[in-house]
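Visitor: With the input below, show me the fold.
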Amino acid sequence: MNTTQGGRLFTMATRTLLFLHRNKVHLALFLLMYTHLLNCQQFVIPFTSPSDCGVEEFFDISSLTCVRCGPNEQRSTTGLSCICKTGYQTITTDKASITCQQCPTDKPAVTKDGFGCIRCPGSLSDVGQCQCSSGYILVERDNNGTLLDEAKCVVCIGNSPAWSVPNSSGDRCERCQASFITTSCECNPPNVLVSSANPLPSVPSQTSFTHYSAYSNLTACQALGNMCVMNMHSFSGLSTDACGLFNTIFRSRAAAGSTQDISYWRANLPWLYYGEEPGLASRVLQTSPVPIGFSFRGTNKNTNIRLVAAVYNVRGEFLRWEKVGGGNLQVRSVCVCVCVCVCVCVCACVCVCACVCVSQLLSAHPEPLFYDLFMDLGGEKNRKLLPLPTLVYNQQYNGRFINQDSMKDWYLSRRIFLVDTLSGRENSLSSLPKVIRVVSSVKIRFLLVPRTREGQVYPPLMIVTYSDVPITDINTQTVSVSWLHGHTHTHTLTALGVMGGVAVLYSLIKTISWKRRIAYPIIDLETMLKFFLFYAGDLANVFFAVTVGTGLYWLIFYKAQQYVSVLLPLPAQEEQFVTYIGCAFALKAVQFLHKLINQVSVDVFLIDWERPRSKASRTVHAAGEPKRDPSPVSIWRTFFVANEWNEIQTIRKISPIFQIMAVLFFLEVLGFSNLALRDPWSTLQRSSQAYTPSYSLTLRYGLAATLWLCIGLLQVIFFTVFYEHFVEDKIRQFVDLCSISNISVLLLTHRCFGYYIHGRSVHGHADTNMEEMNNNLKREAESLCGQRGLLPNTDVQTFQVSLTSRLRSQYDRIRETLKKNAPTRLIDSSSNNSFEHNIRAYYTMNHFLGSIIDHAHPDMDYIVRDKLVFERVLGMEFLEPNDKSIFYNDNAHSFSDVLFYGNEATLLIFDTLFFCVVDLGSQSFVLAAVLTYVQQMIFRLIRNILGRKNLVNKTLVDERFLI
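Guide: Numbering: from 1, shown residues only. Just a heads-up that it's a prediction; the model follows:
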């Protein structure tokens, strides 16, 4: 520490003590605050490369900074250390520094090891050392290692019997290799002279420990740290392994101070671990945001997260600074495998190597490389780096995995490697390894600062998982490697839990209502099945609402944000999201089929109020008066009403063809599909030459579902507000038709609940000619007759009916007659006897229901009332029809619930989910639209066929009269 820094620290300490004294701040509170600030400090260091160091500075590989050389020293050719100047010998290498002394004039040359001075037999080299002619070796010491006063140049005999040449270092004679021609030791092309078959030296951990602890050798301690990293940072209570030796040195070097003001980075040591305090991981990862923001737009646009790495070899030597990206930090091979890596940006992207050939892996990675990763914070002059915390998933302590539990137990580290083909070799470095250790998964996780408006993120976390691969066949064996870059965000489980609980309550209410409507209070298996069917539909709505809301949230805020505040989910999270969509579709399909079955099994009966008219006969009685016979009632009115009912069974509030064409127009023609791309841009048209990222499943679903719903809702609004009022309203037209035809309709969806359309004509007769029909309509338009309502002076024609069990039992007895008289194998279907029984049963049912409406049965009477607001909201009746049936006024025409018309919400959601599920599976909006239209037509056909058969069976209308 120099004098200036010491003075600054003294001044800061003095001012702090004066502040404490003047403001009476409790010392313990101050220390607590100061300790918290230290624990939450942002580890930002300046970026320095070896080329940034001056002539008299070297690049310190342990602190990654430039350090000034001492007196009589100069930077080495590598720039990574200081050496004595020319003509100076090394006296001591105490700790991390050296001491240089000038050689005397009678011995001006420096020995090759730099520790002695000597006279030369010839000339001096540029570096102040003795040099010999070609074919000679320089000898500076005798056989026992004593330094000579004057060096010697000794010639190597290249002929028999010596066959020797200078070695690659030029300091000794070595015998020629057997591959050379026996007449000389020359290595002629195309042969290449090599000095060793494998240049990798063995670096025992104990040797590195001794070199560092005794001499503070920088590369030795880096090598020791690398061996700890190759052991996946695992350690135990013992201190005999590499990590144990490193931790021993780390604790013993507490007095040496820290590097870059980071307490976990000791001087002259590599930074391998963060501290051991409980909960340190959460403080490092979730306390201080990265000091730069990310923006998609504006003058401060910043979308790239730049990573750089300090690269070391296995011997602890610093190699280079390396930018991370473009495939340089991934396991590469020349095997025919798919390996795609997308550039690092503020959107989730994945880089996956499907396979890596072991044979090429061994040749491409003969020794491991080690990476200290940093996040590049930028800056023109003062470029800053943020160290990247690393979580090694396989790290152990005393045999227990410590990084696979909650965050409070995590043990963060720093340095990583990708491939280790070295430590698995036995006996010699030239042998094949028995096992190799590769990184099988690398995830870089980003956590957004909550409620950030400046695009802030917390420090990224790299999660590394290693795998040990036993070597069996290097030519065919492959290794799978995956890279993932993304972020974390809050999930939707809370919303699903809350809304799912509400759905349970609502399904219980529906089940209770169903039990009351069937007048069967006992809870049995059918009740449980009904509850689950109701719950399937309600839970489908919950999944649909949550998924659409989530997709729309990302679609709006991700595409519209200026500063980064929302990031797309990771692929694993998208898989969970797609699972929710699949659940919504499956449950909605169950609800749809349930409603379809209910609709095609509704009890329907057409009550004909028309009575025979008497007409004059040609026969004359004895008294001379003409005989008057009753005129038969025409059945054509009943056939006409039945045909109209059959026609409106599948009408909807939207046009399916227009729906599909409009959705495809927006997605494919106007280019709305480009909004589902993973980039943050909201442009609809893309250049064919521009880079096109992949589609996000979340954005694609949010876009498709929102667009389908919006177009569908607009159609519903147009249909109900404009079309029905000014063009055609088929539901009200059917009610009017019933009044004109003098026919009422009773629909029973449950045993004791259903709907009633009062179609009794106010004119008494509807089976008339055109002139009388027009006169009747004119009188009704001029209010010259009564109103159409069930009660006098009312016009309410549609009701929800809650029947007594007595009335329903009588209804079933009459229906039973029809079942008994149904054709069997023993009775011909055209039998007159069977037909007469059916006609008799039909007239009996018609008379019975007509008399009920006319209050002709005091024991089966009814009352008319309005439903309470809560009854309408909950969809159930609070009063039980014990003595009298209850007719509830229903101006909303709720009888459409037994038609497609009254279930438009269910149909629209089902179509939306079907369209989205097909699209997510095929990644084709066109195919999804075509298949959606096909399924609409199929279910419409099924509904028509089954509804037609049900209408024939329940109304006794011959199917041949249904158009």
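
Visitor: could you say what helices and strands the host helix or strand of I509 packs with?
Guide: For I509, the host element (DSSP states H and E) is helix 493-518. Secondary structure elements in contact with helix 493-518, counted by 3 or more C-beta pairs under 8 Å, 6 or more residues apart in numbering; DSSP states H and E, are helix 525-560. (Each C-beta comes from the backbone N, C-alpha and C, glycine too.)

Visitor: can you give me the helices for the stretch 551-700 of the chain?
Guide: 571-599, 636-647, 656-664, 697-718 (DSSP state H, counting those that start in this stretch).

Visitor: Out of these, flag the one nearest P433.
Guide: helix 571-599 (32.5 Å; C-beta to C-beta).

Visitor: Please parse the protein into its domains.
Guide: Domain ranges of the chain: 46-102, 109-186, 285-488, 537-603+642-727+902-961, per automatic domain parsing.

Visitor: Tell me the span between the first and last residue of stretch 49-68.
Guide: 14 Å (C-alpha to C-alpha, to the nearest Å).

Visitor: Now tell me what touches it from outside.
Guide: Stretch 49-68 is contacted from outside by 45-46, 48, 69, 73-76, 78-82, 218-219, 221-222, 259-260, 265, 267-270, 310, 312, 316-318, 321, using C-beta atoms under 8 Å, 6 or more residues apart in numbering.

Visitor: do stretch 228-236 as well
Guide: Contacts for stretch 228-236 (C-beta under 8 Å, 6+ apart): 241-244, 246-247, 272-273, 368, 370, 392, 394-399, 411, 413, 415-417, 420, 422-423, 437, 466.

Visitor: just the buried members of these?
Guide: Listed as buried from the contacts of stretch 228-236 are 241-244, 246-247, 272-273, 368, 370, 392, 394-396, 411, 413, 415-417, 420, 422, 437, 466; burial here means 16 or more other C-beta atoms under 10 Å.

Visitor: I'd like the distance from the helix or strand hosting T912 to the chain centre, please.
Guide: Per DSSP H and E, T912 falls inside helix 904-922. Helix 904-922 sits 20 Å away from the centroid of its parent chain (C-alpha atoms, centre = their mean, to the nearest Å).

Visitor: again, but for stretch 547-563
Guide: How far stretch 547-563 lies from its chain's middle: 14 Å, per C-alpha atoms, centre = their mean.

Visitor: Could I get the average pLDDT for that stretch?
Guide: Mean pLDDT, stretch 547-563: 84.

Visitor: Can you list the buried residues in it?
Guide: Residues T547, V548, T550, G551, L552, W554, L555, Y558, K559, Q561, Y563 are the ones in stretch 547-563 that count as buried (16+ other C-beta under 10 Å).

Visitor: out of everything not next to it in sequence, what's closest to A841?
Guide: T817 (4.4 Å; C-beta to C-beta, 6 or more residues apart in numbering).

Visitor: What part of this protein, helix or strand, is modelled with the least confidence?
Guide: The helix or strand of the chain with the poorest confidence is strand 339-340; it has a mean of 32 (mean pLDDT, DSSP states H and E).

Visitor: Please report how far the closest residue to F753 other than its chain neighbours lies from F900.
Guide: Leaving aside its sequence neighbours, F753 sits nearest to R517 (C-beta to C-beta, 6+ apart; 3.7 Å). Remark: distance between R517 and F900 (C-beta to C-beta, to the nearest Å) = 22 Å.

Visitor: Between those two, which is the more surrounded one?
Guide: Higher neighbour count among R517 and F900: F900, with 22 against 19, using other C-beta atoms under 10 Å.

Visitor: Would you agree the more buried one is in contact with L908?
Guide: No. Shown here, F900 and L908 do not form a contact pair, counting by C-beta atoms under 8 Å, at 10.9 Å.

Visitor: give me every residue that touches the closest residue to L874 other than its chain neighbours.
Guide: Leaving aside its sequence neighbours, L874 sits nearest to I509 (C-beta to C-beta, 6+ apart; 5.6 Å). Applying C-beta under 8 Å, 6+ apart to I509 gives the contacts L874, G875, M876.

Visitor: how about a markdown table for the buried residues of stretch 547-563, with distance to G158 added?
Guide: Formatted as a markdown table, the buried residues of stretch 547-563 follow (distance: C-beta to C-beta, whole Å):
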| residue | distance to G158 |
| --- | --- |
| T547 | 82 |
| V548 | 85 |
| T550 | 80 |
| G551 | 80 |
| L552 | 83 |
| W554 | 76 |
| L555 | 79 |
| Y558 | 74 |
| K559 | 76 |
| Q561 | 75 |
| Y563 | 74 |
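
Visitor: tell me the mean pLDDT for stretch 659-675?
Guide: 94.

Visitor: start to end distance for it?
Guide: End residues of stretch 659-675 are separated by 20 Å (C-alpha to C-alpha).

Visitor: now stretch 165-175
Guide: Stretch 165-175: ends 6 Å apart by C-alpha to C-alpha.

Visitor: What residues sit buried inside it?
Guide: Buried, per 16+ other C-beta under 10 Å, within stretch 165-175: V165, P166, C173.

Visitor: again with stretch 709-729
Guide: The neighbour-count check on stretch 709-729 (16+ other C-beta under 10 Å) flags L709, I711, G712, Q715, V716, F719, E724, D729 as buried.

Visitor: where's the nearest residue to F639 once chain neighbours are set aside relative to F895, distance?
Guide: Closest residue in space to F639, ignoring its immediate chain neighbours: F961 at 4.6 Å, by C-beta to C-beta, 6+ apart. Using C-beta to C-beta, we find F961 at a distance of 23 Å from F895.

Visitor: again with E426
Guide: 85 Å.

Visitor: Compare those two (neighbour count), which wins?
Guide: F895 (25 against 9).

Visitor: unless I'm mixing things up, A220 is touching E317, no?
Guide: No. Between A220 and E317 there is no contact under C-beta under 8 Å: 10.8 Å.

Visitor: Which one's more surrounded, the two?
Guide: Neighbour tally, A220 and E317, criterion other C-beta under 10 Å: the higher count belongs to A220, 21 against 15.

Visitor: what pLDDT does the more buried one get?
Guide: pLDDT at A220 comes out at 82.

Visitor: So which elements touch the helix holding T912?
Guide: Under the contact criterion of 3+ C-beta pairs under 8 Å, 6+ apart, helix 904-922 touches helix 525-560, helix 571-599, helix 656-664, helix 697-718, helix 925-955.

Visitor: on that earlier part again, looking at the buried residues of stretch 547-563, spot the one nearest P569.
Guide: Nearest to P569, judged by C-beta to C-beta, of these is W554 at 7.7 Å.
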